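Colleague: requesting a structural model of the entry that follows:
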Amino acid sequence: MVFSTTSNNIAIECLSGNIAAQTDIDAVVNAANAQLMPGGGVAGAIHRAAGPELAEACAPLAPIAPGQAVVTGGYRLPNPYVIHCLGPVYGVDEPAAERLAACYRNALRRAEEQSMQSLAFPAISTGAFGYPFDLAMRVAFATVLEQTNTLQSVRLIRFVFADERACDNAVEILQTLTS
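Modeller: Got it, this is the predicted structure:
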């Protein structure tokens, strides 16, 4: 299932799939660790698809703090760019909601700085970092919707979820925020 809505003439999509296989997107967003190195989950998938050049490009940019975002090339990914964000560890990096919102705001800022037209987000911090999915998606969608009135180049914001169930839950949350 693909769900699409618009806010300030910017498309916002939700779909299930592989974040590292978004062939029509300028940048995929990496749910990174502080050292920007390969790991599990989204970071592992993106680094495996991009090849070892991604870790080499990340090394001088690390460490980053929760809420920060940095940009590298996409290397072997089908995307010219990767935007790396460090989400908060839920219950540790407080205030978690503010730091998570900063991830989405800063990723959009980096996209605008590079005149990107499209980017794809994972559900930042909802895996190993323990952020409850529904709470994280409320923060993510509210932040993105708030930012759409400031965007000049970005025209498409996609959220990519690992499975249909997560996607369906996210769509319900987005619909409550846009209705």
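Colleague: quick one: the helices in the chain, in order.
Modeller: 41-50, 52-58, 96-113, 133-147, 164-178 (DSSP state H).
Colleague: turn those helices into a markdown table, columns for mean neighbour count and distance to Ser153.
Modeller: Heads up, the C-betas are built off the backbone N, CA and C, glycines and all. Shown next, in a markdown table, are these (neighbours: other CB atoms under 10 Å; distance: least, CB to CB, whole Å):
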| stretch | mean neighbour count | distance to Ser153 |
| --- | --- | --- |
| helix 41-50 | 21 | 22 |
| helix 52-58 | 18 | 22 |
| helix 96-113 | 21 | 6 |
| helix 133-147 | 20 | 13 |
| helix 164-178 | 16 | 22 |
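Colleague: mean pLDDT and distance to Ile10 added to those helices, as TSV?
Modeller: Below are these laid out as TSV (pLDDT from 0 to 100; distance: least, CB to CB, whole Å):
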stretch	mean pLDDT	distance to Ile10
helix 41-50	95	23
helix 52-58	97	28
helix 96-113	98	10
helix 133-147	98	9
helix 164-178	96	12
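Colleague: now those helices as TSV including distance to Asn33?
Modeller: What follows is these, written out as TSV (distance: least, CB to CB, whole Å):
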stretch	distance to Asn33
helix 41-50	6
helix 52-58	10
helix 96-113	13
helix 133-147	17
helix 164-178	21
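Colleague: specify the beta-bridge partners of the residue nearest the centre of the chain.
Modeller: With distances taken as CA atoms, centre = their mean, Phe121 lies nearest the centre of the chain, 2.7 Å away. Phe121 has these beta-bridge partners by DSSP bridges: Phe159.
Colleague: and the gap between it and Pro60?
Modeller: The gap separating Phe121 from Pro60 is 24 Å, by CB to CB, to the nearest Å.
Colleague: likewise Gly130?
Modeller: Distance of Gly130 to Pro60, computed by CB to CB: 29 Å.
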